[in-house]
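**Student:** please work out how this folds:
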Amino acid sequence: MTAEPIVMDPLARDNAAEGALLRAAGPAVPVELLGVRGWAVTRHEEARQLLTDARLVKDATHWGAYRRGEVPATWPLIGLAVPGPSMVTTDGAEHRRLRAIVAQAFTPRRVELMRPRIERITARLLDEVEAAGPVVDLKTAFAFPLPMSVIGWLLGVPEDDHAYIRELYERFFSSTTRPADVPATIAALNVLVADLVARRRAEPGDDLVSALLAADVEGGALSDAEAAATLRVIIAAGHETTVNLITNAVRALLAHPDQLELARAGEVAWSAVVEESLRWTPPTSNFLFRFTTEDVAVGETVIPAGDAVLISYNAIGRDPLQHGVTAELFDVTRAPSRHLSFGHGPHVCPGSPLARLEAAVALPALFARFPRLRLAVGEGDLRPNPTTVVNSLRELPVRL
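**Tutor:** The predicted structure follows:
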């Protein structure tokens, strides 16, 4: 790596500013992430091309620094960079095999059938929010339990486990988890999903876990290890992405009351609000990692073989080459312009239809119930979660 890397902020104090800094430095920029070096892809078109480039793979055995022992098992993000054998860590035929069953569960048609349940959960949670008012943490009271209840129902995860799951995944994504606690957090997540697999092996039910275990996909049924790793991905993506989508959208709308009024008046569809929120404040800040199997040229920059590449959605979402000179503005009337916040290519998020539906149900219901909703603290007092991976707040205090 020739250029001095940009050191990414582990506390995520200003994701938009960091995204702009990375984007200004070029389409592929050397970065340092908690002491580990790699490359950030920062512009829409280059990211779109690289996300379908067979020279970038998910298998960490191609990561030179990892093979050389330069990435310790206590690195806070090791569980994201080198997870178990799932659809997130494989490519080609093996990836298609592991992804096939999950993708079937989240087709737009099947997701739409979940709408009545999502509406019922939303109404129940809003009743609870109203009873808890006049000031509540909307992330904890609404944005988290809605997608967690849905994914918990799909997987057959008891509601009593939801708070524990949130705690584990917050530590898992955090950039400030103590190195000594990293292996323990990963082990606890592995125990959680392994226990779920074991229980469904013994007593199959009418849930997605049982369907995963029973499916006879091309290349053979899933092993326990594959099923457990897949469940870890589903639980994380099934709640974390939507929690952040809802939280960030509410924050953006409260900061832009003119935009909120357009949606409430029916002049703009709530689906447009969801898409603009995904672009402007993507739920995932930076996606780890792909690894180059040979030297890859990105513009005038060459990423050497064996290096780690992250996709910086913070930077890409506001790329003016894709979204025009107003890319930095939150504008729900923006002409449709494809963003990449759910990925692109073979690894595009299979749960994106569900996340979109949950947000499209949650947002209008929230603002219809609480038309005078506003922040309970100043915008500058909102605290970001200290993570370079997901774009989230610690809490969202609002006055109903």
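
**Student:** in the helix ranked longest in the chain, what's buried?
**Tutor:** Longest helix in the chain, counting residues (DSSP state H): helix 224-255. By neighbour count on 16 or more other CB atoms under 10 Å, the buried set for helix 224-255 is 226-254. Every C-beta, even on glycine, is put in place using the N, C-alpha and C of the backbone.

**Student:** that helix: what's the following helix or strand?
**Tutor:** Using DSSP states H and E, the next helix or strand after helix 224-255 towards the C-terminus is helix 257-264.

**Student:** buried ones in that next one?
**Tutor:** 259-260, 262-264.

**Student:** what's the spacing between residue 215 and residue 345?
**Tutor:** 24 Å (CB to CB, to the nearest Å).

**Student:** and what of residue 209?
**Tutor:** Residue 209 is 27 Å from residue 345, by CB to CB.

**Student:** dump the buried residues of helix 257-264 to JSON lines, plus distance to residue 202 and pLDDT.
**Tutor:** As requested, those are arranged in JSON lines below (distance: CB to CB, whole Å; pLDDT from 0 to 100):
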{"residue": "259", "distance to residue 202": "51", "pLDDT": "97"}
{"residue": "260", "distance to residue 202": "49", "pLDDT": "98"}
{"residue": "262", "distance to residue 202": "53", "pLDDT": "98"}
{"residue": "263", "distance to residue 202": "48", "pLDDT": "97"}
{"residue": "264", "distance to residue 202": "50", "pLDDT": "96"}
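
**Student:** and the two most separated of these?
**Tutor:** 259 and 264 (9.9 Å; CB to CB).

**Student:** joint contacts of these two?
**Tutor:** Common neighbours of residue 259 and residue 264, counting by CB atoms under 8 Å, 6 or more residues apart in numbering, are absent.

**Student:** residue 86 falls within a strand, correct?
**Tutor:** No - counting by DSSP: H, G, I helix; E, B strand; the rest coil, residue 86 is located in no strand; its state is coil.

**Student:** and the nearest residue to it once chain neighbours are set aside, what does it touch?
**Tutor:** Excluding its sequence neighbours, the residue lying closest to residue 86 (CB to CB, 6 or more residues apart in numbering) is residue 229, at 3.8 Å. Counting by CB under 8 Å, 6+ apart, residue 229 makes contact with 83-86, 89, 193.

**Student:** would residue 297 count as being in a helix?
**Tutor:** No - using three-state DSSP, the assignment for residue 297 is strand, not a helix.

**Student:** and for the residue nearest to it when sequence neighbours are not counted, the neighbour number?
**Tutor:** The shortest distance from residue 297 to any non-neighbouring residue, by CB to CB, 6+ apart, is to residue 303 (7.8 Å). Per other CB atoms under 10 Å, the neighbour tally for residue 303 reads 24.

**Student:** can you pull out the strands in the stretch 301-400 of the chain?
**Tutor:** 301-303, 308-312, 374-375, 397-399 (DSSP state E, counting those that start in this stretch).

**Student:** any idea how far residue 89 is from residue 183?
**Tutor:** Distance from residue 89 to residue 183, by CB to CB: 18 Å.

**Student:** quick one, which of residue 209 and residue 345 is more surrounded?
**Tutor:** residue 209 (24 against 13).

**Student:** where does the prediction get shaky in the stretch 1-150 of the chain?
**Tutor:** 1-2 (pLDDT under 70).

**Student:** if we use 90, what do you get?
**Tutor:** 1-3, 80-90, 92-110, 133 (pLDDT under 90).
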